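Colleague: Provided below for reference: sequence and predicted model.
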Amino acid sequence: MGESLVLKKNPKIEFQFLVDGFKLIDRQSEQNSGFYSYHDLQSVVLNKVWFPRFAKYLRIITWILNGVPYFPNANEYKKASLMIYLNKQKIGIWLTDTSMADQAKKLKSLLGEKNKAKHGE
């Protein structure tokens, strides 16, 4: 099986899919790095973000009306994340741009398939 999926290139966040588990290389949060068995996989949750888009539009509107943006920068409020729940631990990865979010959707799907296969569904 040797597939891999890169969430981010710098600092590198990569998932390598092996026969009995996946290896996570996370240069952003080293404590996440390691090998994780599909057997321990409980669920994968993609927490989508809506606030930055909303804030971006509010910023534009206040700029047009006032000439100066009064609304805070949306990048400071990004809360999108990918959470991987295992038997005895939780892995959290912050999604800092749209390409990471797109890759996270693929990752969620792939890990969801592995989780279903584990339960024999």
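Modeller: Cool, got the structure.

Colleague: what does the helix ranked longest in the chain rub up against?
Modeller: Counting by DSSP state H, the longest helix found in the chain is helix 98-119. Taking contacts as CB atoms under 8 Å, 6 or more residues apart in numbering, the residues outside helix 98-119 that touch it are 3, 5-8, 13, 15, 17, 22, 38-39, 41-46, 48-49, 80, 82, 84, 93, 95. Just so you know, the C-beta spots here come from the backbone N, C-alpha and C atoms, and that holds for glycine as well.

Colleague: please redo it, this time with the cut-off set to 10 Å
Modeller: 3, 5-9, 13, 15, 17, 20-22, 36-49, 80-84, 93-95, 97, 121 (CB atoms under 10 Å, 6 or more residues apart in numbering).

Colleague: just give me how far it sits from the chain centre.
Modeller: 10 Å (CA atoms, centre = their mean, to the nearest Å).

Colleague: one more: stretch 6-25?
Modeller: Distance, centroid of stretch 6-25 to centroid of chain: 12 Å (CA atoms, centre = their mean).

Colleague: can you pull the buried residues of that stretch?
Modeller: 7-8, 13-17, 21-22, 24-25 (16 or more other CB atoms under 10 Å).

Colleague: mind listing the helices for the protein?
Modeller: If DSSP H is used as the criterion, the helices of the chain fall at 51-66, 98-119.

Colleague: going by mean pLDDT, which of those helices comes out lowest?
Modeller: Lowest mean pLDDT within these: helix 51-66, at a mean of 64.

Colleague: list buried residues within the contacts of helix 98-119.
Modeller: So, by 16+ other CB under 10 Å, the buried ones in the contacts of helix 98-119 are 5, 7-8, 13, 15, 17, 21-22, 36, 38, 41, 44, 80-82, 84, 93, 95.
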